[in-house]
Every structure is written in structure tokens, then in C-alpha cells.
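Q: turn this into a structure:
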Amino acid sequence: MLKKGSLVLSIWCGINFVLAFIILCYVIIFKQNSPILQVASFSEAEIAGLAAKTIAALNCFTILYNSCSLMVSVLTWPLIHKNLVAGERSAFWTLAFVIGFIEVMAFLASSYIGHGRWQVNVLQSVLYLAGIGMSGYSLFRNK
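A: Have a look, this model is predicted:
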């Protein structure tokens, strides 16, 4: 069960990494505006009405958030594959609190834009809960 839980957490990690990487490429390499404008259902007229500094600030926060998100994936990957799989309870608690906090904050942040990312948030949360649940069950069940 520990390996299955670790696999599910790895899938969470992979999806998180890929999404952050794509968004960073979109904004940095392709010089596009933050996808949050589309997620928040801004019309073209509303986007055109935003000040350049407002759009620059959104792009700045998009780059900052997604670079942190990408690095969380990079840092949690070896923690899952080396420490959690080895049965280290400290790895479990670290992952439970770090990823759990991120998932709660994702829903909170999404609430400000009408839960425009709800599909991704639900998928990531289900993967997190299943992975951490299976791992925790395996680590803490009475033997």
C-alpha cells in the first residue's frame, strides 16, 4: 500500500510540475499574459481595459507562483521516492503538511476568481488525499 500511495503522490508531483512548466513557458518564452486572465473569465474588452501595470503584476505573480510550484514538485519527488518509500514517517508528515497546505491554499486562491480552476484543484486534491491516505495507512496501521 505504501508503494501505491507513493505512486499516486508521484502522479500529483508530475501533474503539478507539468502544469507549472507549461504556464512558465507560456508567460516567459512565448511572452503571453498570465492564463489567470482567461481562467477568471475576463473578456477581451475587460483585458484591454486593464492598466499595463496591472497585467505586469499578474504576470509577475504568475511567474513567482509557478516557479515555486515547479520547485515544490522537484523537491517532493525525491522525498517520495527515497524517504517515503523507505517508510520514513518524517517524510510522510512533511508531505502531508506541505502538499496539504498547498491544496488548501489552491482552493482559497481559486475562490477569488470564482473557482475558475476547480477541475485542476479537485483532481490534485483527490490525488493528494488518496496518496497520503494510502501511505499513512501503510505507515501507521497496527502491525
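Q: for the longest helix along the chain, buried residues please.
A: Assignment by DSSP state H gives helix 52-78 as the longest helix of the chain. Across helix 52-78, burial judged by 16 or more other Cβ atoms under 10 Å covers Leu58, Asn59, Thr62, Tyr65, Asn66, Ser69, Leu70, Val72, Ser73, Thr76, Trp77. Bear in mind the C-beta positions are built from the backbone N, C-alpha and C, glycine included.
Q: just checking, what packs against that helix?
A: Judged by 3 or more Cβ pairs under 8 Å, 6 or more residues apart in numbering; DSSP states H and E, the packing partners of helix 52-78 are helix 2-24, helix 36-39, helix 89-111.
Q: nearest to Ile47, of those?
A: Closest to Ile47 of these, according to Cβ to Cβ: helix 36-39, at 5.5 Å.
Q: grab the nearest non-local neighbour of the residue nearest the centre of the chain.
A: In the chain, the centroid-proximal residue (Cα atoms, centre = their mean) is Asn16; its distance is 4.6 Å. Nearest non-adjacent residue to Asn16, counting by Cβ to Cβ, 6 or more residues apart in numbering: Ser73, 4.6 Å away.
Q: residues contacting the one you found?
A: For Ser73, the contact set (Cβ atoms under 8 Å, 6 or more residues apart in numbering) comprises Cys13, Gly14, Asn16, Phe17, Ala20.
Q: check the gap between it and Phe140 for me.
A: Applying Cβ to Cβ, to the nearest Å, the value for Ser73 to Phe140 is 25 Å.
Q: now do Leu50 against His115, distance only.
A: For Leu50, the distance to His115 equals 21 Å [Cβ to Cβ].
Q: what does the helix or strand bottoming out on mean pLDDT in the chain rub up against?
A: Ranking every helix and strand in the chain by mean pLDDT, DSSP states H and E puts helix 36-39 at the bottom, with a mean of 90. Residues from elsewhere that reach helix 36-39, judged by Cβ under 8 Å, 6+ apart: Ile47, Ile55, Leu58, Thr62, Ile113, Gly116, Arg117.
Q: now do the phi/psi pair for the last one.
A: In terms of degrees, to the nearest 10, the main-chain angles of Arg117 are phi -110, psi 20.
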